[in-house]
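Trainee: Give me a model of this one.
(chains A and B)
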2 protein chains.
Amino acid sequence: MKLALIGVGLIGGSAAIAWRRAGVVSEVVGFDRDRAALQRAQALGVIDRAAPSAGEAVRAADLVLLAVPVGAMRSTFAAIAATVPAHALITDVGSTKRSVIDAARAELNAASSSSFRRFVPGHPIAGRERPGVDHAHGALFEGKLFVSTPVGETNADALASVEALWTAAGAKVSRMDADEHDRVFAAVSHLPHLLAFALVARIASEPDGERKLGFAGAGFRDFTRIAASNPEMWRDISVANRAALSDELRGYRALLDELQRAVDAGDAEAIERVFDLASRTRRRHAETFDAE
Amino acid sequence: MKLALIGVGLIGGSAAIAWRRAGVVSEVVGFDRDRAALQRAQALGVIDRAAPSAGEAVRAADLVLLAVPVGAMRSTFAAIAATVPAHALITDVGSTKRSVIDAARAELNAASSSSFRRFVPGHPIAGRERPGVDHAHGALFEGKLFVSTPVGETNADALASVEALWTAAGAKVSRMDADEHDRVFAAVSHLPHLLAFALVARIASEPDGERKLGFAGAGFRDFTRIAASNPEMWRDISVANRAALSDELRGYRALLDELQRAVDAGDAEAIERVFDLASRTRRRHAETFDAE
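Mentor: So this is what the prediction gives:
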């Protein structure tokens, strides 16, 4: 298959490498708005050829992978809608799914309803801490989860083909409703990112913030590791998934309101109830998480 | 020196091993309310002899280390006040300092004002994720920070002696006002623990919580690692340091209020301002933290 890779970052680059290695992709044409990243991807051999636009990149593709920030999905669907071949599989790696599906429906359907039916919304759950094609590697998805979130219109063969591609990349495939996906990842990924960003930003904005950070230990280091993530990417995710993230944040704030009352009142029992439930749960799941 | 070790957990046990190895401690008498832990400490050779009470343990001591939860400090000071020798150095490892100092002042002064002058409040900043004397080792404090928080009454020679002990254990010594200590660690340790406990507890209390946790990735794992900590210990810390923790939590909740408004309004700029400040700060400090 000929792959058109739109967005040559860590995730897209790693998928191209993994699929080429698995023998399911024979040629890769790439496009990225970042010209330097595009050249770098070609120099590294991740892509065979750089296209001058997303529309040109997909012209002869059997498979199109959109690996751009979720905030750039809609314009990317618009850019490929007129030139993507009718037989081509289209899939994405966006961390939010409802917004990407809505964008695909609006832009692909406008050109040809068959293209939207061959679009398979997807989300490989893989680390993103060291971004860029320079860190791309073919084993990134091995043992990791890939979540597909098909909609009613999604073609069954297209869905099976895309899931087989991720299986070939070493991922474990899971299928989920898009809205459930967005709620689940708001809870276990998007909210934790927002909370970690908020903690570091708050300390950094205080006059003695630098002094405080000098006393941070291993717990703080782990808790805030995700606060080093790309701010634009997570801004986009927060906006794209704002309905689910808003609900999660509201519920979390309600619990913090309770804890504030408990701390102010020195209510050791109320504090312990929350801490104890968390500790038991986190210990029980320690092996699940460490296997990821 | 003869060491009386009150509390034979990870921190106390590691200090005893490190000081014995450094040649500054020749004999260790231990006491712990947990009889099994006390026997285990003796079987491991961490202590030479188990005392029947804290008061008996300190009777012939040159150095007393209180390595009990902060919630047990006051009763421990009370238990040793009548029997601790006048020449003995007394120090502790509590994560909060104002409450421990108040407890020491109340209980030691009641017996003899010289004992309180020879009490040096301290806090070694070392990992506590794998608790218990079985995980104690002599290198736990190497390269880590030890913070002393002397008060006006603290005897200068006692302070110098205790700081030298921690230097001998490999720690870097820093001196700080107790109230500043409590504010700093509320920000970089106590609040992050409360936030991580709250996140896991909230998910665990939802009907689909187990399903959500099944999709958690490496970011969630790191963010919530401290939520596996001992709930009683962190309950005690939260109550003991409630003044400073309350201020930090209040400030953090105000920032979350702002972020809730920004998420609900889809205000990408406001979200990015917070995320960007955090990301730049966290990246700049990455090496500091990783060295800990």
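Trainee: Need phi/psi at the residue most central in space within chain A.
Mentor: Nearest residue to the geometric centre of chain A (Cα atoms, centre = their mean): A:S95, 3.0 Å. Backbone torsions of A:S95, given as degrees, to the nearest 10, read phi -80, psi -10.
Trainee: what's the closest residue to it other than its chain neighbours in contact with, if anything?
Mentor: In space, and not counting its chain neighbours, A:S95 is closest to A:I237: 5.1 Å by Cβ to Cβ, 6 or more residues apart in numbering or on different chains. The way it works is simple: take the backbone N, C-alpha and C, and place the C-beta from them, glycine included. Residues near A:I237 by Cβ atoms under 8 Å, 6 or more residues apart in numbering or on different chains: A:70, A:95-96, A:190, A:193.
Trainee: what's the helix or strand for A:I237?
Mentor: When elements are assigned from DSSP states H and E, A:I237 belongs to helix A:231-240.
Trainee: and if you look at A:V8?
Mentor: According to DSSP H and E, A:V8 maps onto no helix or strand at all.
Trainee: pLDDT at it, what is it?
Mentor: On pLDDT, A:V8 comes in at 97.
Trainee: Contacts only, for A:D48.
Mentor: Per Cβ under 8 Å, 6+ apart, neighbours of A:D48: A:27-29, A:42.
Trainee: Inside helices: which ones of these?
Mentor: Using DSSP state H, the subset of the contacts of A:D48 located in helices is A:Q42.
Trainee: As TSV, the contacts of A:D48 with pLDDT, distance to A:D102 and neighbour count would be great.
Mentor: TSV is the format used below for these (pLDDT from 0 to 100; distance: Cβ to Cβ, whole Å; neighbours: other Cβ atoms under 10 Å in any protein chain shown):
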residue	pLDDT	distance to A:D102	neighbour count
A:E27	98	31	15
A:V28	98	28	29
A:V29	98	27	21
A:Q42	98	33	17
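Trainee: Closest one to A:F141 out of the contacts of A:D48, please.
Mentor: Proximity of those to A:F141 (Cβ to Cβ) peaks at A:V28, which lies at 16.4 Å.
Trainee: quick revisit: what are the buried residues along the helix holding A:I237?
Mentor: Neighbour-count burial for helix A:231-240, counted by 16 or more other Cβ atoms under 10 Å in any protein chain shown, picks out A:231, A:233-240.
Trainee: Specify the local secondary structure of A:A60.
Mentor: With DSSP: H, G, I helix; E, B strand; the rest coil as the basis, A:A60 sits in coil.
Trainee: Which residues are in contact with A:L165?
Mentor: A:19, A:24, A:63, A:91.
Trainee: Can you give me every residue that contacts the third one?
Mentor: In other words, A:L63. By Cβ under 8 Å, 6+ apart, A:L63 lies in contact with A:1-4, A:25, A:88-91, A:165.
Trainee: Kindly report the same for the last one.
Mentor: Applying Cβ under 8 Å, 6+ apart, one finds that A:T91 lies in contact with A:63-66, A:119-122, A:162, A:165.
Trainee: Roughly how far does it sit from A:P124?
Mentor: Per Cβ to Cβ, to the nearest Å, A:T91 is found 10 Å from A:P124.
Trainee: what does the third one give?
Mentor: Computed with Cβ to Cβ, the distance linking A:L63 and A:P124 is 15 Å.
Trainee: Would you state the strands of the stretch 101-250 of chain A in chain order?
Mentor: When assigned using DSSP state E, counting those that start in this stretch, the strands of the stretch 101-250 of chain A occupy the ranges A:119-120, A:122-125, A:145-148, A:172-175.
Trainee: Out of the ones you listed, which is the most enclosed?
Mentor: By mean neighbour count, with neighbours taken as mean count of other Cβ atoms under 10 Å in any protein chain shown, strand A:119-120 ranks first of the strands of the stretch 101-250 of chain A at a mean of 27.
Trainee: my read is A:G266 is in a helix, agree?
Mentor: No. Counting by three-state DSSP, A:G266 falls outside a helix, being coil.
Trainee: pLDDT score for it?
Mentor: Looking at A:G266, the pLDDT reads 96.
Trainee: Check the burial of it by counting its neighbours.
Mentor: The tally of other residues near A:G266 (other Cβ atoms under 10 Å in any protein chain shown) stands at 13.
Trainee: hang on, isn't it packed against B:R242?
Mentor: Yes. With contact defined as Cβ atoms under 8 Å, A:G266 counts as touching B:R242 (5.8 Å).
Trainee: hang on, the earlier thing: among the strands of the stretch 101-250 of chain A, which is nearest chain B?
Mentor: Minimum separation from chain B across the strands of the stretch 101-250 of chain A (Cβ to the nearest Cβ) falls at strand A:122-125, 4.8 Å.
Trainee: doesn't A:D267 make contact with A:R261?
Mentor: Yes. If you go by Cβ under 8 Å, A:R261 and A:D267 touch, sitting 7.4 Å apart.
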